[in-house]
Structures are given as C-alpha cells and as structure tokens.
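Novice: Pasting a predicted model and its sequence here:
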There are 2 protein chains.
Amino acid sequence: MEIKELGEFKLIERLTKDIKPTNPSTIMGVGDDAAVLRYADKETLVSSHLFMEGIQFDLTYIDMEHLAYKCAMVAMSNIFAMNGHPRQIVVSIALGKRINVTNLDQFYVGLKAACAKWNVDIVGGDTTSSYTGLAINITCIGEAAKEDIVYRKGAKPTDIICVSGDLGAAYMGLQVLEREKVVYYQQVEEFNKKLKEAQADNNKVKLEALKVERAAIESFQPDFAGKEYLIDRQLKPEAPGEVLQQLREAGIRPTAMIDISDGLSSDLKHLCKEGNVGCRIYEDKIPIDYQTAATCEEFNMNLTTAALNGGEDYELLFTIPISDHAKIESIKNIRQIGYITEAKLGEYLIARDGNEFQLTAQGWVE
Amino acid sequence: MEIKELGEFKLIERLTKDIKPTNPSTIMGVGDDAAVLRYADKETLVSSHLFMEGIQFDLTYIDMEHLAYKCAMVAMSNIFAMNGHPRQIVVSIALGKRINVTNLDQFYVGLKAACAKWNVDIVGGDTTSSYTGLAINITCIGEAAKEDIVYRKGAKPTDIICVSGDLGAAYMGLQVLEREKVVYYQQVEEFNKKLKEAQADNNKVKLEALKVERAAIESFQPDFAGKEYLIDRQLKPEAPGEVLQQLREAGIRPTAMIDISDGLSSDLKHLCKEGNVGCRIYEDKIPIDYQTAATCEEFNMNLTTAALNGGEDYELLFTIPISDHAKIESIKNIRQIGYITEAKLGEYLIARDGNEFQLTAQGWVE
C-alpha cells in the first residue's frame, strides 16, 4: 500500500497502536506533544544518532527490518557506553518516495525486536516525507546511578586498556556486501547490453534465451559462504549490554569507557584526549575473528587497519585500574590490549615486529 | 572553508567549544557518548522533530541562522505544549555537499540565539554528511511538575476552546516567499535566454547590456512590503512560552493543550479525539492579523482555510473550564474561539452566516 493512501495520522496510528510501555520510568509514551518520563533517583542519559541513506546505510543490501534494528542498537550502544541502561527511544523518520506501508511495517518490526531485547520503550517520534532518501534519527534515553556513570575521561597512567568482542568484522562485512553489489550490477549491465543488441536485431531466439538469464539475475544470491559472521556484524550489530553485566558481576568499574563506532584508533584517541593521557596498544593483542582475518587476506587488505579504523564494531573500549588485572582475566569475552601512559608519551600501536606507529583518527570527513 | 578541510572531530570542537550548560539539570553536556541530566523532583519531557530540506524548509529563502532558530523553536514549542519548561536540546545534522563551515557557524549562531531566549542548553548531537540535502533533527528535553503537565486529552464538554496569538500568518508568509521565488527564477530564466541569443549572435552591445542586467538580478530584492509580519512568522517563529506564564499568573490551568503545527483544524481534532469529545468553533472568533487578511485577499485565497489548515503557527490551542471564563478575558493575547461538546455532536466550524462545516484534518500526506 502507498503511504499517501493512508495519510499521516492513520499511518502513525497503524505503526504505534500496539506499542505498550513497560518501563516504570515511562509515564506517557507515544501520542502527545512530548513523552513524559520519570527518573527520580537516577541520572538521565540522552544520546542521538542520525542515519542517512547512502551514507550510513545502503538499501541495496540492508532491508528495513535490519536497518531499524541496527539504528536502535547503535543508539542504545551509547547509553551502555556510559555504563547506563537504555530505557526509551524516540524515533524520527523521513520517508523517501520508494518507501511504502509494508516497508514501514517492517521497519517497526525491527525496531520492536531491538527494543524487546533490552526492554526499551518506543515513546515518540516524528514522521515526515523526504524528497530524497530515507533519513532516520534515534534518540535513546537511559538511566544510571550517579556513582555508576563512566565517562570518556577518567583513564589514568598504568590503567589497562580493554576491548570486548572482536574488531574489524563489521567493516569486512561491508566490503563483502559492496563486492556482491558490484557483481550484481555487472550482471545487470551485461544483461541490458545483450538485451539491447537482441532487440536491435529483433533476434527472437536470443530474446527467448535472455528471459532465462533475466530470471537468474532476478534470483541473484550473493555469495556469503564463510563470511556469515561478518555479514551479521555489519547488518545486525548488538549493543554491548552483556559486557557491562559481566563487569558488574566481576566487581569491576571501568575508569573510562566509549563504544567503538568510528574505529578503535579514533575512539581510543578520544579516551586519551578526554583523560589527558597517552596509550600503548599491542597489535598482537587486538581481538580478531577468524573470518575477519581470512577475508582480509582474500581481499588483500591490511588486517590491522581494518581492526583499527574499520569502525561500526559497537564493542566497548574501556580502561580499568591495574589492580583489577586478575579480575578481568576471568571474563573470556574481554581482551587486554595495552595500557595508559602519561600524555607526553603519545598514542602508539606496537606492531608485531616491535615497531611503534602513531595512532591516527578518522572521522566521516576524509 | 570547506568542511573536509577541517575534518569531523575539529568541526565538532569548533561548533561546541563555547557551549556552556547553565541549567542545574544539565550534569554533563556535549562531549561524551551521552548527555547526563538530572530531573530529581520533576517529570522529564522529551520530544523530537526531523526537518528535511525541500520538505520542511527551502534554503532558497531561509538562511542557516534562521533555519536553526526555527528548528529549535519548533522543538521547544512541544515542551511548552505540555505546560513544561524546555531545558536541553540534542541536535543531529546531516550536511549536504553545498554546506560549508561558515554556513554551519551561522547555524550554530541561530541555535544559540534560540537556546538563549529560553535558557536551554545544547547538550549533544550527531554530525554526519549527506549525499542529498540537509537534514536536521532536534530532540528537546524539558521538565514539569507532575501536577502541572497538561496532556492532549482532558477536555470536557462545556470547556472553552482558546488560542494564543493569531493564525494563518506563517502560512501566508510561505505563499509570499514562494511567489517571490517564482519571480526571481523567471528573471533568471529570461536572462539566460537573452544571454544565449546574444552569445549565438556574438552581439557585443547586447552582451554588455546583459552585464548590467545580471547585476540587477544578483541583487534581487524580494518585495515584502506590508508583509513583514507574515515573513517573520514563517522564518522566525517563537515558541509560546510567554502564554504559559500569563496563564499561570491568571491562575488558569488548561484541561487539554497542544501547539498548533499542522493547523488549527487538525490539532483541534487531536484534542477532540484524545479527550473523546466534540467541538464547535466560530469562524468570526478566529484571531487573524491584518496582514494575513490583506494578503489572502491579494492572493485570492480563502482566509478561513489559511487560518484553519495553514499550520506552522506554533501558538497554543487549549481548553479551560467554563468557570475560568472571566479570568481568561483579562489576557489580551488569548482568544476564546468556541467550546467543547459531547463527542456525538461532532467537530464543527460555525461560519459567519451560521452554516456549520465539519472540521477536516490534514497531515503531510496529501
């Protein structure tokens, strides 16, 4: 169904009718000028993310359900990175002309799945049209006790630098998706060329054969064999809430923390800048999945660069006092990759061969 | 300066370096994964708005400073519409290719001016690039005592329907801007045609004359004489915070309230639906400025339609108990336009001639 058949108000009603807040902090969710929340004993955490078609996502290889799930997880990830609990999201969406009601229903399926995972309420938003692509903004609101909040600043010399999970996989997943996209469009281009020639010649035999070829292209299956984990990390990232639970159980409170969205290198530089410290990390300590390594080799790409600068890992990067060294060893999903130094010692990666390389930051502006 | 010369992190630093939170509820503003707020004794209000280039704004006639001011005011308006106080905003912006650092500086000038007006802190956001146009999302966070919050629901039969300010002006301002845009582009088109002809003939006299004409077009001044108020209402709307102050001073607590963004008709229908009531409003009671009326006549447009369905008024529409009738009369900026009825009596406008017309809603989907 086209969105214009439904109209704005019926559309919003359709999307939000079965949304029932479950958090005690949600007093009033969707349906008024603003959501009403109550955070009496805790600090309120707020973070906002904007996702633009063609920049943060490509609808060629992510469907609306995964897209919504990813956007919500990215927004929640920032609340976890403060050692907080996400509780509500507010969702703004600008709909490109190609988006129909079914697409939007799928979007809400993904949104609700992400929210269900972390018991987060959808409490409001804004829906508008767009002359160009799809744009999505998610504001995530969460809570934390004052004494639990972990800021980016706070790392001290001798603190151990830790990361959860593994790095570079989402970035390599993107490379695989991009490659398959190119393969697909090459097939389409070649097909169109052949079709044009056959039409010009009015060659009926060829035209008939091309029908079969068209069907084959239409049922194009990208080749993700042996790369399933990478695709999953790119299209279905998970916010790192479980890591915080593990840290709490182990009695560890990080001194500084950030989620890895821009890449280990950039995000570690943020921690160093905010804490006015330096760092040393070891190339051979960076956790990397087997599929990431194998695909880097296949693509002839530098593995450490993928892990350092790839981004979109949504793992936690944090520092702990050296005295917690023994405690952290028991958590199998966390790796110690280096240590904090005085600021004057700079920010360096120590390569496998012992050489030191200065860490460089990368943003979206190249 | 081009944004790519600066890079993402330096850009954010440049834009946020002199932002100093002043609200006691702002514990930590810009610079971490999330803002940290404290609303111990009050309810937290959250509202989000997405503004897309070509839909909500046209950079042909709004500059970056006014655009930011307007976006911030629109977001704050929703907090006022709950009878709350806006305290923080979180700003996400996706930058189209044409936006340079100076444009973005201007955007922040407008943002800061809007925030200064209502003592609101900028506490965070997200900056990204855009392949297409500019996209802006503003999340406004505010506070209200539990007993002060006014919801959309709550209107009861016999309640008086009130509006602040006057209606239809922003919409007519848009019509004037659109007209001047057309005038300008006609001049450009005619000029280009003449230039092409003169170039084809290599007519040096004509080419010389066209230089003068080009200068005239480049210094094109739109004709806003007698329409200044309309332009102001369209390009520089103000959030209706002062009205709430007046109501408090008069000892009036509205039973239901909404800000008029979609148009009186749509927004009144929201109040009726949420409160499960009907309404009667009188055409001759709707407050309309002289410039709005004069311009409607000039444009041969229906004045009541402009006031009912124009939208972007950012005035408050609210209901009060009939017992507050005398109290409200002392507030000169507020007009009583009708009354609430039982739901079964429907939602009607009573025209000047006594005829009744059913109110119809309009959203952005036509």
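Specialist: Yep, that arrived.
Novice: So residue A:164 is in contact with residue A:334, correct?
Specialist: Yes: contact criterion CB atoms under 8 Å: residue A:164 and residue A:334 qualify, at 5.4 Å. C-beta here means a position set from N, CA and C on the backbone, and glycine is covered the same way.
Novice: Give me the buried positions along the lengthiest helix in chain A.
Specialist: Ranked by number of residues, the top helix in chain A under DSSP state H is helix A:169-201. Within helix A:169-201, the residues scored as buried using 16 or more other CB atoms under 10 Å in any protein chain shown are A:169-177, A:179-180, A:184, A:195, A:198.
Novice: Past it, which element shows up next along the chain?
Specialist: Once the chain leaves helix A:169-201, the next helix or strand it forms, by DSSP states H and E, is helix A:204-218.
Novice: Only the C-alpha atoms, please, for the helix or strand following that next one, written as CSV.
Specialist: Using DSSP H and E, the helix or strand that follows helix A:204-218 in sequence is helix A:228-235. Coordinates of each C-alpha in helix A:228-235 appear next as CSV, following Å, rounded to 0.1, in the frame of the first residue of the first chain:
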residue,chain,number,x,y,z
GLU,A,228,28.3,-15.2,7.7
TYR,A,229,29.7,-13.7,10.9
LEU,A,230,30.9,-10.6,9.0
ILE,A,231,27.6,-10.0,7.4
ASP,A,232,25.9,-10.4,10.7
ARG,A,233,28.2,-8.0,12.4
GLN,A,234,27.5,-5.4,9.6
LEU,A,235,23.8,-5.8,9.3
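Novice: And helix A:228-235, what does it pack against?
Specialist: helix A:169-201, helix A:290-298 (3 or more CB pairs under 8 Å, 6 or more residues apart in numbering or on different chains; DSSP states H and E).
Novice: Just put those helices in JSON lines and tack on distance to chain B.
Specialist: Shown next, in JSON lines, are the helices and strands packed on helix A:228-235 (distance: least, CB to the nearest CB, whole Å):
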{"stretch": "helix A:169-201", "distance to chain B": "16"}
{"stretch": "helix A:290-298", "distance to chain B": "25"}
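Novice: Now these in a markdown table, please, with extra columns for distance to residue A:156 and mean pLDDT.
Specialist: Converted to a markdown table, the helices and strands packed on helix A:228-235 look like this (distance: least, CB to CB, whole Å; pLDDT from 0 to 100):
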| stretch | distance to residue A:156 | mean pLDDT |
| --- | --- | --- |
| helix A:169-201 | 30 | 92 |
| helix A:290-298 | 31 | 96 |
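Novice: can you tell me which residues contact the spatially closest residue to residue A:301 that is not a sequence neighbour?
Specialist: Take residue A:301 and drop its neighbours on the chain: the residue closest to it by CB to CB, 6 or more residues apart in numbering or on different chains is residue A:175, 7.3 Å away. Neighbouring residues of residue A:175 by CB atoms under 8 Å, 6 or more residues apart in numbering or on different chains: A:295, A:299, A:301.
Novice: So which of the residues you listed wins on neighbours?
Specialist: residue A:295 (25 neighbours; other CB atoms under 10 Å in any protein chain shown).
Novice: Residue A:233 versus the residue nearest to that residue when sequence neighbours are not counted, what's the distance?
Specialist: Residue nearest to residue A:295 in three dimensions, not counting chain neighbours: residue A:172, with 4.7 Å by CB to CB, 6+ apart. Separation of residue A:172 from residue A:233 (CB to CB, to the nearest Å) stands at 8 Å.
Novice: phi, psi of residue A:29?
Specialist: Main-chain torsions, residue A:29, degrees, to the nearest 10: phi -100, psi -130.
Novice: name the helices or strands packed onto the helix or strand harbouring residue A:278?
Specialist: For residue A:278, the host element (DSSP H and E) is strand A:277-282. Secondary-structure packing of strand A:277-282 (3+ CB pairs under 8 Å, 6+ apart): helix A:264-275, strand A:334-342, strand A:347-350.
Novice: coming back round to it: if I follow the layout properly, the residue nearest to residue A:295 ends up in contact with residue A:303?
Specialist: No: with contacts counted by CB under 8 Å, residue A:172 stays clear of residue A:303, the gap being 9.1 Å.
Novice: okay, and for chain A, where does confidence drop off?
Specialist: Applying pLDDT under 70 to chain A flags residues A:362-366.
Novice: domain assignment for it?
Specialist: A:3-144, A:159-173+A:231-358, A:181-226 (the TED database).
Novice: Residue A:316 touches residue A:252, doesn't it?
Specialist: No: with contact defined as CB under 8 Å, residue A:316 does not reach residue A:252; the gap is 11.8 Å.
Novice: Looking at those two, which is more packed in?
Specialist: Between residue A:316 and residue A:252, residue A:316 has the larger neighbour count (other CB under 10 Å), namely 27 against 18.
Novice: Okay, and the beta partners of the more buried one?
Specialist: residue A:259 (DSSP bridges).
Novice: List the residues that contact residue A:139.
Specialist: A:46-49, A:75, A:89-90, A:92, B:46, B:48, B:90, B:137, B:139.
Novice: let's see it at 10 Å
Specialist: By CB atoms under 10 Å, 6 or more residues apart in numbering or on different chains, the residues touching residue A:139 are A:46-50, A:75, A:88-92, A:123-125, B:46-48, B:90, B:92, B:124-126, B:137-139, B:141.
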